[in-house]
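S.K.: My questions are about this predicted structure, shown below with the sequence.
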Amino acid sequence: MEWGSRSVSRRRGPGVVRGHLQAIAAALRQLARPPMAMPLLEAEDARVPGYRGVIVFHYDRCIGCSLCAQICPSRAIKMYRVPGDKRIRPGYDVGRCIFCGLCADICPVDALETSIIHDRVYEDVPSMNMDPVEWAVWSKRILREEREPGRPRLRAVVDPDRGLRYERVEA
Ligand code: SF4
Ligand code: SF4
């Protein structure tokens, strides 16, 4: 206990005040700089080899083998019964997905693929968890967005001064 109280009192010395002042000075310096954030919603990530975004699902290709659900390390894929369909089909919880791409790799009929889209806005948490039909419809939208021409493309660059930031890629 005594050791703990000694170390706390040491931390409350002039060094702490200096640290606070440095932090405030850094924040004020930052105010004079251009923003680091880019309009991600209007932009498309520049695809680099191996890039893995959200997973898209082609319902018509699926054979219901459930390999994707078995291999998914974060339980983002679960199998569902769909009314009027004899086979079970996968659904996708994008909130759980870690974008490892294993499901797309293992699918024997290319019913799953990785997209270049990663950052999305969702209405609420439940809407991130899609049944097979919802996933298929959502996937068509993702694929359409992916192919949309004229959207600004971004790539992440390491700035030694400011850390990671996005910059536009000229077409
Ligand atoms: S990318 Fe990985 S975490 Fe996401 S659904 Fe596929 S297997 Fe699961
Ligand atoms: S691995 Fe492919 S074919 Fe098998 S259930 Fe998943 S999406 Fe369908």
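M.R.: The structure has been received and is ready for your questions. Ligands and ions are numbered 1, 2, ... in the order given.
S.K.: Relative to Glu167, how far out is the residue nearest to the spatial centre of the chain?
M.R.: Per C-alpha atoms, centre = their mean, the C-alpha nearest to the average position across the chain is that of His118, at 4.6 Å. His118 is 17 Å from Glu167, where distance means C-beta to C-beta, to the nearest Å. (Each C-beta comes from the backbone N, C-alpha and C, glycine too.)
S.K.: Repeat that for Ala136.
M.R.: Here Ala136 is placed at a distance of 35 Å from Glu167 (C-beta to C-beta).
S.K.: Of the two, give the one with the bigger neighbour count.
M.R.: Neighbour totals were compared for Ala136 and Glu167, and Ala136 leads with 21 against 12 (other C-beta atoms under 10 Å).
S.K.: can you list the domains in this protein?
M.R.: 1-33, 44-147 (automatic domain parsing).
S.K.: pretty sure Ser139 contacts Asp60?
M.R.: No - contact criterion C-beta atoms under 8 Å: Ser139 and Asp60 do not qualify, at 11.2 Å.
S.K.: Point out the most buried one among the domains of the chain.
M.R.: Among the domains of the chain, domain 44-147 has the highest mean neighbour count (mean count of other C-beta atoms under 10 Å), at a mean of 16.
S.K.: Which positions in the protein make contact with ligand 1?
M.R.: Within the chain, the positions adjacent to ligand 1 are 55, 71-74, 76-77, 97-103 by C-beta under 6 Å from any ligand atom.
S.K.: Next step: the residues you listed restricted to strands.
M.R.: Residues of these located in strands (DSSP state E): Ile55, Ile77.
S.K.: got the residues of this protein near ligand 2?
M.R.: Residues of the chain lying near ligand 2 by C-beta under 6 Å from any ligand atom: Cys62, Ile63, Gly64, Cys65, Ser66, Leu67, Cys68, Pro90, Cys107, Val109, Ala111, Leu112.
S.K.: What residues does the second one make contact with?
M.R.: With contacts defined as C-beta atoms under 8 Å, 6 or more residues apart in numbering, the neighbours of Ile63 are Arg87, Pro108, Val109, Ala111.
S.K.: Which one of these is nearest to Gln22?
M.R.: Comparing the contacts of Ile63 against Gln22 with C-beta to C-beta picks out Ala111 as the nearest, at 53.9 Å.
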